[in-house]
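Engineer: Sequence first, predicted coordinates after that:
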Amino acid sequence: MTVAEPPAPGTAVRDTASGRVGVVLAYVGPYAQLRPLLGGREWDARPGDLALLALGEPLSAHVAELNARSRRPLR
């Protein structure tokens with residue numbers, strides 16, 4: 001479900017253009033700045049491409065991110 005009004009900073013959303021899930025940090029110019037749920041590199045998204053997460057999606061996204069991190073080699 002895409003929202004008509006941009007989500008407030010701190011809201012967990014899906015960037016429908018990239019498929020990534022993140023938290024809205026701020027709005028700068030025409031873009032929303034997002035960061036992955038568990039931290040990491042920020043990216044810009046168009047506010048119109050942001051969709052609120054359904055119930056349970058934040059937990060699923062956290063687990064998916066943790067699983068992806070566990071598969072990375074240690075440095």
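Structural biologist: Sure, I can see it.

Engineer: How many residues are close by residue 61?
Structural biologist: Neighbour count for residue 61, taken as other Cβ atoms under 10 Å: 19. Just so you know, the C-beta spots here come from the backbone N, C-alpha and C atoms, and that holds for glycine as well.

Engineer: ranges for the strands of this structure?
Structural biologist: Taking DSSP state E as the test, the strands found in the chain are 12-15, 20-28, 31-36, 43-45, 50-52.

Engineer: out of the ones you listed, deepest packed?
Structural biologist: strand 12-15 (a mean of 20; mean count of other Cβ atoms under 10 Å).

Engineer: circling back to that earlier point, just put the strands of the chain in JSON lines and tack on distance to residue 67 and mean pLDDT.
Structural biologist: JSON lines is the format used below for the strands of the chain (distance: least, Cβ to Cβ, whole Å; pLDDT from 0 to 100):
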{"stretch": "strand 12-15", "distance to residue 67": "18", "mean pLDDT": "95"}
{"stretch": "strand 20-28", "distance to residue 67": "13", "mean pLDDT": "95"}
{"stretch": "strand 31-36", "distance to residue 67": "13", "mean pLDDT": "96"}
{"stretch": "strand 43-45", "distance to residue 67": "20", "mean pLDDT": "98"}
{"stretch": "strand 50-52", "distance to residue 67": "22", "mean pLDDT": "94"}
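
Engineer: bridging residues for the residue nearest the centre of the chain?
Structural biologist: Centroid check for the chain by Cα atoms, centre = their mean gives residue 22 as the closest residue, at 1.5 Å. Under DSSP bridges, the beta-bridge partners of residue 22 are residue 13, residue 36.

Engineer: try the one 10 residues further on
Structural biologist: Under the criterion DSSP bridges, residue 32 forms beta bridges with residue 27, residue 45.

Engineer: Just confirm it contacts residue 44, I think it does.
Structural biologist: Yes. Judged on Cβ atoms under 8 Å, residue 32 makes contact with residue 44 at a distance of 7.1 Å.

Engineer: doesn't residue 33 make contact with the residue nearest to the centre of the chain?
Structural biologist: No. In this structure, residue 22 is not within contact of residue 33 by Cβ under 8 Å, at 9.1 Å.

Engineer: Nothing else from me, thank you.
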